[in-house]
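**Student:** Take this sequence and fold it.
(2 chains)
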Number of protein chains: 2
Amino acid sequence: IGINSGSIDKKILKKNNGNIVNSMVESALENVRLLESLKFNNFKISAKASSVLDTINVYELVSNKVDYPLHLGVTEAGPRFRGSIKSSVGIGILLSKGIGDTIRVSLTGKSIDEVKAAYIILNSLGLRRVGVDIISCPTCGRTTDDLKQIVDEIEKLTADIKKNLKLAVMGCIVNGPGEAKDADLGIAFGKEKAAVFLKGRVIKRVDKNIASKELKKELERLV
Amino acid sequence: IGINSGSIDKKILKKNNGNIVNSMVESALENVRLLESLKFNNFKISAKASSVLDTINVYELVSNKVDYPLHLGVTEAGPRFRGSIKSSVGIGILLSKGIGDTIRVSLTGKSIDEVKAAYIILNSLGLRRVGVDIISCPTCGRTTDDLKQIVDEIEKLTADIKKNLKLAVMGCIVNGPGEAKDADLGIAFGKEKAAVFLKGRVIKRVDKNIASKELKKELERLV
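**Tutor:** Below you'll find the model as predicted:
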């Protein structure tokens, strides 16, 4: 059953005084009753709104009424950056409440980014751990200038790895070693040298300019 | 008070058998007590973890113990796409529970993207509505090929608008008019023509090739 906030039955919308959430819930439940009356129960329900708040409200209400599996998504969420943020907020909140069985991130852009975003959401919540998660520093007075470039490089390098690994690329010695220790593989930059960590242990200290090469070498051993 | 999962006091970590969440909470509360003993109460608490789940758990526990304002964030969340998704899941879930007073999105990248992501999170949850929200179709058999290009163009054009507006750029006539109707300004592409909607009313039908120009013209009138 697929309900979308952009195409609600006008009669139902009118009956609910234009309330989108109530109209979507009523429409979903009406379709449930129809299928049940035909003795067909092998379905799931999608009731996506383009508003994140409406999406959350609709799924909460539907999940309170019926036990069928729910397919989650914020519909027409927008382009890559904006759309994945809106989807992460909406889908993340619902999944954290135990609502939802399958998900789709809808982006105006490449389908591969929809899948990537979906996996990052699931990984964040510990629901499905696939691929490489990257922990890396934001801009900060202590961070080395080229950190973004190194992280971009590593993200490309690890994009197709299916094994679940946690990689830390840290720009300083304050939080760096701590986060790197928690990771399967990490690198923390100091003033001149960089320390490479493997499962919490410093395995070598190298010159900064060869640090990303060393990280790649260790990564290849892990996967 | 700033606690970070990467730099927890080793004594506290040992006392908590290496449990990061409990150590962060204990560390935050210890600092609260210290400041309170000095009769200083004008502070807020930040207790960021690089794990989204740890972040959520730490802030929930801290918010159950004290009433001081909380500054939310997933620390070292990673590069732009991954980092904003992880931040949106973590910050979104906490804000939806009424936890948190200020937020920061930490990305390995440009600071301006951190601010943009933060505003999209707040806007998604209806907590602060600033700037233009864009509703737009994902790839789909019905969507016109150049929708991504048009949406990218419109996103750039609207990046600096502070006024809160909802724009819909829809690729077909199934969900298109519905979503566009809900927006302040919208465009829905048909087979040959595109309909421009202003606050729920079709104000004109134009040739598809001049549609984005027409949308821009209407947008300029609105801001």
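
**Student:** mind checking which helix or strand of chain A has the lowest mean pLDDT?
**Tutor:** Between all helices and strands in chain A, the lowest mean by mean pLDDT, DSSP states H and E belongs to helix A:176-182, at a mean of 82.

**Student:** which stretches of chain A aren't confidently modelled?
**Tutor:** Scanning chain A with the threshold set as pLDDT under 70 gives A:143-145.

**Student:** okay, now the domains of it?
**Tutor:** According to automatic domain parsing, chain A comprises the domains A:2-124, A:132-222.

**Student:** which strands and helices sit next to the least confident helix or strand of chain A?
**Tutor:** Contacts defined by 3 or more CB pairs under 8 Å, 6 or more residues apart in numbering or on different chains; DSSP states H and E place helix A:176-182 against strand A:165-170, strand A:185-189, strand A:193-198. C-betas here are computed from N, CA, C, even on glycine.

**Student:** Give the buried residues for the last one.
**Tutor:** In other words, strand A:193-198. Burial within strand A:193-198, assessed by neighbour count using 16 or more other CB atoms under 10 Å in any protein chain shown, is assigned to A:Ala194, A:Ala195, A:Val196, A:Phe197, A:Leu198.

**Student:** Next, the buried residues of stretch A:68-88.
**Tutor:** Along stretch A:68-88, the positions that meet the burial threshold by neighbour count (16+ other CB under 10 Å) are A:68, A:70-88.

**Student:** how far does that stretch stretch from start to finish?
**Tutor:** The stretch stretch A:68-88 measures 23 Å between its terminal residues, going by CA to CA, to the nearest Å.

**Student:** is that stretch up against chain B anywhere?
**Tutor:** Yes - in terms of CB under 8 Å from any CB of the partner chain, part of stretch A:68-88 sits within range of chain B, namely A:75-86, A:88.

**Student:** Now do that stretch: distance to the chain's middle.
**Tutor:** 10 Å (CA atoms, centre = their mean, to the nearest Å).

**Student:** Stretch A:16-28 too?
**Tutor:** Between the mean C-alpha point of stretch A:16-28 and the mean C-alpha point of its chain there is a distance of 28 Å (CA atoms, centre = their mean).

**Student:** now swap in stretch A:174-190 and tell me
**Tutor:** Taking CA atoms, centre = their mean, the mean C-alpha location of stretch A:174-190 is offset from the chain mean by 23 Å.

**Student:** Find the centremost residue of chain A, please.
**Tutor:** With distances taken as CA atoms, centre = their mean, chain A has A:Ile121 as the residue nearest its mean C-alpha position (2.0 Å).

**Student:** In a helix, that one, correct?
**Tutor:** Yes - the assignment for A:Ile121 (DSSP: H, G, I helix; E, B strand; the rest coil) places it in a helix.

**Student:** contacting residues around it?
**Tutor:** A:Ser87, A:Ser88, A:Ile91, A:Gly92, A:Leu95, A:Ile103, A:Val105, B:Ile85, B:Val89 (CB atoms under 8 Å, 6 or more residues apart in numbering or on different chains).

**Student:** Swap in 7 Å and give it another go.
**Tutor:** Taking CB atoms under 7 Å, 6 or more residues apart in numbering or on different chains as the definition of contact, the neighbours of A:Ile121 are A:Ser88, A:Ile91, A:Gly92, A:Ile103, B:Ile85, B:Val89.

**Student:** For chain A, just list every one of the strands.
**Tutor:** In chain A, the segments counted as strands under DSSP state E are A:2-4, A:45-48, A:70-72, A:102-103, A:132-136, A:165-170, A:185-189, A:193-198, A:201-207.

**Student:** which strands and helices sit next to the fifth one?
**Tutor:** So that's strand A:132-136. Helices and strands touching strand A:132-136, as assessed by 3 or more CB pairs under 7 Å, 6 or more residues apart in numbering or on different chains; DSSP states H and E, comprise helix A:147-158, strand A:165-170.

**Student:** Kindly compare burial across those and name the winner.
**Tutor:** Each of the helices and strands packed on strand A:132-136 was given a mean neighbour count from mean count of other CB atoms under 10 Å in any protein chain shown, and the largest, a mean of 26, is that of strand A:165-170.

**Student:** relative to strand A:132-136, how tilted is that strand?
**Tutor:** Using axes from the mean of the first three to the mean of the last three CA atoms, to 10 degrees, the direction of strand A:165-170 lies 20 degrees away from that of strand A:132-136.

**Student:** Direction included, what does strand A:165-170 pair against?
**Tutor:** The strands beside strand A:165-170 in its sheet (DSSP bridges) come out as strand A:132-136 (parallel), strand A:185-189 (parallel).

**Student:** for the first one, the distance to its chain's centre please.
**Tutor:** The chain centroid and the centroid of strand A:132-136 are separated by 13 Å under CA atoms, centre = their mean.

**Student:** what's in contact with it?
**Tutor:** Contact with strand A:132-136 is made by A:123, A:147, A:151, A:154-155, A:158, A:161, A:165-169, A:179, A:183, B:50, B:76, B:78-79, B:82, B:108, as judged by CB under 7 Å, 6+ apart.

**Student:** Can you tell me the closest non-neighbouring residue to A:Arg194?
**Tutor:** Actually, residue A:194 is Ala rather than Arg. A:Ala211 (3.8 Å; CB to CB, 6 or more residues apart in numbering or on different chains).

**Student:** Can you add mean neighbour count and give the strands paired with strand A:165-170 back as TSV?
**Tutor:** Shown next, in TSV, are these (neighbours: other CB atoms under 10 Å in any protein chain shown):
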stretch	mean neighbour count
strand A:132-136	27
strand A:185-189	25
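
**Student:** For B:Ile20, find the nearest of these.
**Tutor:** Shortest distance between B:Ile20 and the strands paired with strand A:165-170, using CB to CB, is found for strand A:132-136: 12.9 Å.

**Student:** A:Lys166 against A:Lys181, yeah?
**Tutor:** No - in this structure, A:Lys166 is not within contact of A:Lys181 by CB atoms under 7 Å, at 10.9 Å.

**Student:** can you pull the contacts of A:Glu123?
**Tutor:** Quick fix: residue A:123 is Asn, not Glu. A:Asn123 makes contact with A:Arg129, A:Val130, A:Asp133, according to CB under 7 Å, 6+ apart.

**Student:** cool, A:Lys10 as well?
**Tutor:** By CB under 7 Å, 6+ apart, the contact set of A:Lys10 is empty.
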